[in-house]
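1. could you work out the structure for the sequence below:
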Amino acid sequence: MSREEAAAAEPPEQRRVLRTLVGAQVLSGAGLAAGVTVGALLAEDMLGSDSLAGVPAALFTIGSAGAAAVVGRISDVHGRRRGLGLGYATGAAGAALVVLAAHLGSVALLLPALLVYGAGTATSLQARYAGADLAAPSRRGRAVSTVLVATTVGAVVGPNVVSTMGDVAADLGLPRLAGPFLLAAAAYGLAGAVLLARLRPDPLLLARARAREAGAPAPPSDVDAPARLERGVVLGGLGMVAAQLVMVAIMTMTPVHMKHHGHGLGAAGAVIAAHIAGMYLLSPVSGGLVDRLGARVVAVASAATLAVAGVLAATVPSGSVAGLAVALAVLGIGWNLGLVSGTAIVTDAVPLATRARTQGAVDLCVALAGAGGGLGSGAVVAATSYSTLAVGGAVVALVVVPVVAAAARLQVESSIA
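-> Below you'll find the model as predicted:
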């Protein structure tokens with residue numbers, strides 16, 4: 001199918017859906033960046049221990065895991081508009097509670113607040129599925145990447161205004177590290193409002209209605225169909241799980257690693273900005289590669305890129321801000337390749353009737369992997385070193401390669417049989 005034919009195969013509503021999602025994602029990116037940039041530093045300050053610096057990433061990722069399942073369920077029943085809108089509203093409330101906890105110096109409030117804040121992260125990722133609901137199969141990678149790349153604007157701006165938001169917080173009588181969470185509360189709240197007001201028609205509900213009108217055939221009933229679906233979900237999910245685990249572990253401890261070597265908040269913000277740019281800015285390239293080369297090929301490329309990032313992070317001189325920025329940018333690119341390819345594999349494997357809940361369940365596993373990476377990263381660095389953590393991440397990333405090879409072999413054997 002040519003590009004023109006593929007575009008014609010999509011309903012005209014797809015453009016409106018993508019425009020609305022892009023607007024919301026530009027806002028949500030700033031909220032996403034707050035916890036990434038200063039979450040570990042806030043925990044280190046309030047908890048008084050380097051080994052606990054990974055707790056915020058673990059907590060808001062655990063919160064993200066629960067929210068992913070809930071947003072998926074709500075979307076499955078009521079559509080993407082309600083699921084995503086309520087998810088962002090919950091993330092905004094969590095960010096506001098983090099600010100209050102920092103102001104009160106209350107660890108007891110900080111911990112549940114971070115869990116609630118994680119709903120924003122889950123929703124930001126779930127939005128990519130909404131972009132794919134109405135997309136033609138040959139343009140699904142591009143649709144997913146369009147939603148992801150929109151996050152870049154806010155996500156890159158967010159870390160670079162850490163110092164400014166710290167000044168704002170100080171002027172309000174709040175701890176400086178609470179500043180970025182003020183931005184997150186506003187950004188997530190506005191993103192939710194945009195989706196609740198503008199995501200009409202709802203892409204998932206419309207896709208289901210169009211499928212019924214077209215008399216879409218029932219899912220295959222042959223004995224191999226459940227196995228194919230399971231392989232697709234497992235393969236796509238594993239690629240995203242590995243990418244999330246490696247990315248969160250290395251990213252979480254990079255600001256702490258930099259602080260220990262004399263770098264300030266501005267330098268850490270610049271490195272995280274480069275990382276988040278890598279996570280989202282090249283999304284159109286990832287989407288194009290998925291549509292042209294196939295999602296499995298891109299999944300292998302993701303594993304290789306993540307491994308390179310781990311080696312770079314481990315070997316770059318600790319005093320080199322530019323070197324760390326390059327390593328974290330490559331880490332972000334590897335994560336993006338894994339997310340876009342995994343999303344395409346899962347979406348292609350699952351029928352519309354159960355798509356949202358299955359995607360929510362997959363993202364639950366992805367978020368739990370990130371929680372493990374965030375929680376374990378501090379302990380690993382405390383017991384060994386940042387370099388050891390980075391090399392370990394490279395090894396974990398390469399686990400995806402033999403799994404993709406095995407899946408390809410099973411597909412060939414099934415087609416021959």
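2. quick one: contacts for I74?
-> 82-83, 86 (C-beta atoms under 8 Å, 6 or more residues apart in numbering). Every residue, glycine included, has its C-beta placed from N, CA and C.
3. could you grab the helix/strand/coil label for it?
-> Counting by DSSP: H, G, I helix; E, B strand; the rest coil, the backbone at I74 sits in helix.
4. pLDDT value on it, please?
-> Per-residue confidence at I74 stands at 95 (pLDDT).
5. one more: S415?
-> Looking at S415, its pLDDT stands at 48.
6. show me where the stretch 51-200 of the chain has helices.
-> Remark: helices assigned in the stretch 51-200 of the chain by DSSP state H, counting those that start in this stretch are 55-78, 80-104, 107-132, 140-160, 162-171, 179-198.
7. got the CA positions of the first one in PDB?
-> As requested, the backbone C-alpha atoms of helix 55-78 are provided in PDB (Å, rounded to 0.1, in the frame of the first residue of the first chain):
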ATOM      1  CA  VAL A  55      12.700   5.300  46.100                       C
ATOM      2  CA  PRO A  56      10.900   8.100  44.200                       C
ATOM      3  CA  ALA A  57      11.400   6.500  40.800                       C
ATOM      4  CA  ALA A  58      10.200   3.200  42.300                       C
ATOM      5  CA  LEU A  59       7.200   4.700  44.000                       C
ATOM      6  CA  PHE A  60       5.900   6.800  41.100                       C
ATOM      7  CA  THR A  61       6.600   3.900  38.800                       C
ATOM      8  CA  ILE A  62       4.600   1.500  41.100                       C
ATOM      9  CA  GLY A  63       1.900   4.200  41.000                       C
ATOM     10  CA  SER A  64       2.200   4.300  37.300                       C
ATOM     11  CA  ALA A  65       1.800   0.500  37.200                       C
ATOM     12  CA  GLY A  66      -1.500   0.600  39.000                       C
ATOM     13  CA  ALA A  67      -2.700   3.600  37.000                       C
ATOM     14  CA  ALA A  68      -1.800   1.900  33.700                       C
ATOM     15  CA  ALA A  69      -4.200  -1.000  34.500                       C
ATOM     16  CA  VAL A  70      -6.900   1.400  35.700                       C
ATOM     17  CA  VAL A  71      -6.600   3.700  32.800                       C
ATOM     18  CA  GLY A  72      -6.700   0.700  30.400                       C
ATOM     19  CA  ARG A  73      -9.900  -0.600  32.100                       C
ATOM     20  CA  ILE A  74     -11.600   2.800  32.000                       C
ATOM     21  CA  SER A  75     -10.600   3.300  28.400                       C
ATOM     22  CA  ASP A  76     -11.900  -0.200  27.500                       C
ATOM     23  CA  VAL A  77     -15.400   0.600  28.900                       C
ATOM     24  CA  HIS A  78     -15.700   4.300  28.500                       C
END
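8. burial of the residue lying closest to L199 once chain neighbours are set aside, as a residue count?
-> What sits nearest to L199 in space, not counting adjacent residues and going by C-beta to C-beta, 6 or more residues apart in numbering, is R81, at 4.1 Å. Residues near R81, counting by other C-beta atoms under 10 Å, number 24.
9. now for V403: which residues touch it?
-> Counting by C-beta under 8 Å, 6+ apart, V403 touches 235, 238.
10. ah, wrong one, I meant V285
-> Neighbour list for V285: S145 [criterion: C-beta under 8 Å, 6+ apart].
11. re the thing from before, and the residue nearest to L199, what's its pLDDT?
-> Confidence at R81, expressed as pLDDT, is 96.
12. who touches it in this structure?
-> Counting by C-beta under 8 Å, 6+ apart, R81 makes contact with 195-196, 199-200, 202.
13. adding neighbour count, pLDDT and distance to L134, write those out as TSV.
-> Shown next, in TSV, are the contacts of R81 (neighbours: other C-beta atoms under 10 Å; pLDDT from 0 to 100; distance: C-beta to C-beta, whole Å):
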residue	neighbour count	pLDDT	distance to L134
L195	30	96	16
L196	17	95	19
L199	24	95	12
R200	15	90	13
D202	22	95	10
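14. farthest-apart pair in those, please.
-> L196 and D202 (11.1 Å; C-beta to C-beta).
15. surely L324 is in contact with T315?
-> No - under the criterion of C-beta atoms under 8 Å, L324 makes no contact with T315, lying 10.9 Å away.
16. so these two - more neighbours on which side?
-> More crowded of L324 and T315, by other C-beta under 10 Å: L324, with 28 against 12.
17. look at that one and give its secondary structure.
-> For L324, the secondary structure call by three-state DSSP comes out as helix.
18. so who does it touch?
-> Counting by C-beta under 8 Å, 6+ apart, L324 touches 254, 258, 271, 313, 316.
19. can you tell me the helix or strand for V403?
-> Per DSSP states H and E: V403 is located in helix 400-416.
20. an error on my part: the question was meant for T388.
-> Using DSSP H and E, T388 sits in helix 386-397.
21. alpha carbons only: can I get that helix in CSV?
-> What follows is helix 386-397, C-alpha atoms only, in CSV (Å, rounded to 0.1, in the frame of the first residue of the first chain):
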residue,chain,number,x,y,z
TYR,A,386,27.4,3.8,39.0
SER,A,387,29.6,2.1,36.4
THR,A,388,28.6,-1.3,37.6
LEU,A,389,24.9,-0.4,37.4
ALA,A,390,25.4,0.9,33.8
VAL,A,391,27.2,-2.2,32.6
GLY,A,392,24.6,-4.4,34.2
GLY,A,393,21.9,-2.5,32.3
ALA,A,394,23.7,-3.2,29.0
VAL,A,395,23.7,-7.0,29.8
VAL,A,396,20.0,-7.0,30.7
ALA,A,397,19.1,-5.1,27.4
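22. what about it, distance to the chain center?
-> 20 Å (C-alpha atoms, centre = their mean, to the nearest Å).
23. quick one: list the elements packing against that helix.
-> Helix 386-397 is packed against helix 225-260, helix 295-315, helix 355-383, with contacts defined by 3 or more C-beta pairs under 8 Å, 6 or more residues apart in numbering; DSSP states H and E.
24. what sits against the closest residue to V399 other than its chain neighbours?
-> Once flanking residues are discounted, V399 sits nearest to A242: 6.1 Å by C-beta to C-beta, 6+ apart. Neighbouring residues of A242 by C-beta under 8 Å, 6+ apart: 303, 306, 338, 369, 396-397, 399-400.
25. again, only this time at 7 Å
-> 303, 338, 396-397, 399-400 (C-beta atoms under 7 Å, 6 or more residues apart in numbering).
26. now, of those, which are buried?
-> Buried subset of the contacts of A242 (neighbour count, 16 or more other C-beta atoms under 10 Å): 303, 338, 396-397, 400.
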